[in-house]
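# sharing a model that was predicted from the sequence below.
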Amino acid sequence: MVRRVRAFGPASIANAVAGFDVLGFALDEPGDVVICSLSEKAGIRIAPMTGAFQDLPTDPDKNTAGVAVQSLLKKHGIVQGIEIEIQKGVPIMGGMGSSASSASAALVAVNELLELKCTKMDLLPFILDSERAATGVPHADNAAPSLLGGFNLIQSLEPLQVLALDIPPNIFCSVVHPHMYIKTRDAREILPHSIPMAVATKQMGHIAGFIAGMQTGDLDIIKRSLVDELAEPHRSKLIPGYWEVKQATEEAGALGCGISGSGPSMFALSQSEEIAKQVALSMQKAFSVAGLKSDLYISGISKLGARILD
């Protein structure tokens, strides 16, 4: 048995504009690197964070990687001590699946470390446990893509059913993370508890069109389906420069733009890497005009998800 495993968990984009709580996709980068080691002492210990983002708890009951691993060990009746090191590359409270990225990396590392031979779908419920602990809601639109990779449709949580969507070639994602925080709980509390039937009907058309566009590779359908009637009309109020960013992406040639997860990061899809670069710069400029510094990322859609590095 090996005594140390290093794994990578990618950032992810939830909702993908059209699919509130049911669509998400993995990015090639950024991501979190998690190192799990066997320990002679019982229990889970998490070292102080390293990497670009470090302001996270090391208490395994409050850290999503710790919660996920504890849930996995409890399910299998394992009392082996585990030491966890997390190198954070995904912005915290940035809407890029930070909690899922570290949890997914930790789970695949411990699965390898203890030779449990679980499939990734076997591991997914344990990330949902950690998402529930972090946000109060066991949503899978970050958890599934970060663990499984690709572009995912969360068809059902009970029973847990995840469908992989086809990805048109040469689709690239621009993500700009403004230097501000939005807690997922706050972003959910701002949403209405009910919506008019007419709004729900329109949104069903958008998500159906988006999925049809993905499956057929029709970029025109994708472009006109990247619309959110449910969350973004409310969450946009939390992000300075939201409308200016959207307008900037349209002028730069993006297929569409929206809030990444619960925000404040915003993302855009484009039909080439070169367009994606120009789109990202235009988004960053719009945030700057709104008084916000930001970081930008250009990425393809990762088909790999969480994986062992060594």
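Cool, the structure landed.
# what about the helices in the stretch 1-150 of the chain?
According to DSSP state H, counting those that start in this stretch, the stretch 1-150 of the chain carries its helices in the segments 64-75, 98-113, 120-135, 143-148.
# who does the following helix or strand past the last one pair up with?
It stands for helix 143-148. Moving toward the C-terminus from helix 143-148, the next helix or strand (DSSP states H and E) is strand 151-157. Sheet pairing of strand 151-157 (DSSP bridges) gives strand 23-39 (antiparallel), strand 160-165 (antiparallel).
# can you list the domain ranges for the protein.
Residue ranges for the domains of the chain, per automatic domain parsing: 4-165+303-308, 172-300.
# residue contacts, Ile301?
Going by C-beta atoms under 8 Å, 6 or more residues apart in numbering, Ile301 touches Phe25, Ala26, Leu27, Asp28, Gly150, Phe151, Ile167, Ile171, Cys173. Yep, even glycine has a C-beta here, placed from its N, CA and C like the rest.
# what pLDDT does it get?
Here, the pLDDT recorded for Ile301 equals 96.
# cool, and the one 4 residues further on?
On the pLDDT scale, Gly305 is placed at 96.
# before we move on, the earlier item: hey, which of the strands paired with strand 151-157 is tucked in deepest?
strand 23-39 (a mean of 24; mean count of other C-beta atoms under 10 Å).
# got the angle between it and helix 98-113?
50 degrees (axes from the mean of the first three to the mean of the last three C-alpha atoms, to 10 degrees).
# Gly94 and Met283, how far apart?
When distance is defined by C-beta to C-beta, to the nearest Å, Gly94 is 14 Å away from Met283.
# identify all contacting residues around the helix-or-strand element of the chain with minimal mean pLDDT.
Within the chain, no helix or strand scores below strand 50-51, which has a mean of 75 by mean pLDDT, DSSP states H and E. Identification of contacts with strand 50-51 by C-beta under 8 Å, 6+ apart yields Asp32, Val33, Glu85, Ile86, Gln87, Lys88, Gly89.
# could you give the bridge partners of the third one?
Here Glu85 sits in beta bridges with Ile35, as judged by DSSP bridges.
# quick check: the farthest pair among the contacts of strand 50-51?
Greatest spacing in those, by C-beta to C-beta: Glu85 and Gly89 (13.3 Å).
# Gly43 against Gly81, yeah?
Yes. Assessed by C-beta atoms under 8 Å, Gly43 is found in contact with Gly81 at 5.7 Å.
# name the next helix or strand downstream of the longest helix along the chain, please.
Secondary structure of the chain per DSSP state H: the longest helix is helix 197-216. Using DSSP H and E, the next helix or strand after helix 197-216 towards the C-terminus is helix 219-225.
# spit out the contact partners of the residue lying farthest from the centre of the chain.
Distance from the C-alpha centroid of the chain, by C-alpha atoms, centre = their mean, peaks at Glu40 (33.6 Å). Counting by C-beta under 8 Å, 6+ apart, Glu40 touches Gly81.
# which non-adjacent residue is nearest Gln278?
Ala252 (5.0 Å; C-beta to C-beta, 6 or more residues apart in numbering).
# how close does that neighbour get to Val176?
12 Å.
# about what we covered before: can you give me the distance of the residue farthest from the centre of the chain to Gln80?
For Glu40, the distance to Gln80 - C-beta to C-beta - is 10 Å.
# can you check Gly261 too?
For Gly261 relative to Gln80 (C-beta to C-beta), the value is 33 Å.
# and these two? which has more neighbours close in?
In this view Gly261 and Gln80 are compared by other C-beta atoms under 10 Å, and Gly261 has more residues nearby, 29 against 15.
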